[in-house]
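In: This is the structure alone, sequence omitted:
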């Protein structure tokens, strides 16, 4: 491997350890380090790669970094990029889950997390506001957002979410004639990575259905979620809550919120939260089993997005010329924002309905909205207040 590849991986590790704040903040740091300082690619190339990853299911900033690695050094460097980027946060989240399990096993109260749990709801509410303000600009989009929020709130089956996304995209795709026609479309598709993506999805589903192995079923659960999440980590949260708290009861609502709050204080990909969920889902199998749960959850959630970016990046420039594709993005984005609105309401349910908790949600939302206080500072402050109170 060339020296340039080593330097690139070192830069990716630096981002993994310092990139707080979610996909938008991650992209800002990529501009500064990878474009301005290192010149691995141009500003326009990064903008286009991020746009591509934003419309694919999976973690946006992770796929963007992986795509950059692919562009620089092909598939091998791309996989190493993915590994370096996700390992620090996923490891810390796994350790956090084991720590919480240990404290509960020793009968030690998790009361010190009482502040960060409603704070996590404030983070999701802020994400809902930010996403909707960026993607909901027409009456159709508003209608899709409201309807999807209501349906996502009342119907908790994991399959409701992909059905809503497909329906939303189909509604706005019908208006494709409003988009300008582009000429010179010569679409050549290499299907290998898509076939691999589908093959793993089907194999995992069959093995999950016919085996009693919890790690196999967890891998299938997370791979399926990773295949169907449009909009990044904020949209992933309602899917995980519905499936693993409401439906399968692997975690309590309080544990889920505590883990999500901790994830907000960490650099790196938001999807690393799955390491926490997978870990606690296997708490009955000992520490080794818990870390196995973290591993299969992390691999499961990140792998489909990786397959898809490898597949699409080769013909993206031609695909985005099609008006139906461009038109469907409005509906997909509107439905995604509606799902996050529903998540903000659902996540408040496990918390005791007191004036204090409601005030913490409002205060967290307001601080995120009107100040530039970094998310890790807010979460760490909440943890300290929890110890004091």
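Out: Alright, I've got the coordinates. For clarity, every value in this text was computed on a predicted model and none was experimentally measured.

In: helix, strand or coil for residue 212?
Out: coil (DSSP: H, G, I helix; E, B strand; the rest coil).

In: And it, what's its pLDDT?
Out: You'll see residue 212 listed with a pLDDT of 80.

In: how many neighbours does it have?
Out: For residue 212, the neighbour count with other CB atoms under 10 Å is 6. Every residue, glycine included, has its C-beta placed from N, CA and C.

In: Strands of this protein, start to end?
Out: Along the chain, no segments are classed as strands by DSSP state E.

In: in it, which helix has the most residues?
Out: helix 60-105 (DSSP state H).

In: Against which helices or strands is that one packed?
Out: helix 3-18, helix 22-30, helix 43-54, helix 253-264, helix 273-281, helix 286-312 (3 or more CB pairs under 8 Å, 6 or more residues apart in numbering; DSSP states H and E).

In: quick one, which of those helices is nearest to residue 124?
Out: Among these, helix 253-264 comes nearest to residue 124, with 7.9 Å by CB to CB.

In: which parts of that closest one are buried?
Out: 253, 254, 255, 256, 257, 258, 259, 260, 261, 262, 263, 264 (16 or more other CB atoms under 10 Å).

In: if I pick the fourth one, what's in contact with it?
Out: Residues counted as contacts of residue 256 (CB atoms under 8 Å, 6 or more residues apart in numbering) are 240, 241, 244, 245, 277, 347, 350.

In: got it, and the third one?
Out: In this structure, residue 255 makes contact with 100, 280, judged by CB under 8 Å, 6+ apart.

In: Kindly provide the distance from it to residue 273.
Out: 12 Å (CB to CB, to the nearest Å).

In: Ok, the last one next?
Out: Using CB to CB, we find residue 264 at a distance of 9 Å from residue 273.

In: List the residues that contact the nearest residue to residue 146 once chain neighbours are set aside.
Out: Excluding the flanking residues, the one nearest residue 146 by CB to CB, 6 or more residues apart in numbering is residue 338, at 6.6 Å. With contacts defined as CB under 8 Å, 6+ apart, residue 338 is in contact with 144, 145, 146, 147, 148, 149, 152, 164.

In: circling back to that earlier point, which of the helices and strands packed on helix 60-105 has the lowest mean pLDDT?
Out: Among the helices and strands packed on helix 60-105, helix 22-30 carries the lowest mean pLDDT, a mean of 68.

In: buried residues in stretch 333-351?
Out: 333-348, 350-351.

In: Can you tell me which of those residues end up in helices?
Out: 333-346.

In: Just put those residues in TSV and tack on distance to residue 114 and pLDDT.
Out: Output for these, formatted as TSV (distance: CB to CB, whole Å; pLDDT from 0 to 100):
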residue	distance to residue 114	pLDDT
333	35	78
334	35	85
335	33	85
336	30	77
337	29	80
338	30	85
339	27	78
340	24	76
341	25	83
342	24	83
343	21	74
344	19	78
345	20	83
346	19	78
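
In: how about the helices in the stretch 101-250 of the chain?
Out: 116-135, 139-154, 160-173, 192-210, 214-228, 233-240 (DSSP state H, counting those that start in this stretch).

In: Residue 101 is nearest to which of those?
Out: Closest to residue 101 of the helices of the stretch 101-250 of the chain is helix 214-228 (CB to CB; 15.5 Å).

In: Thanks a lot, catch you later.
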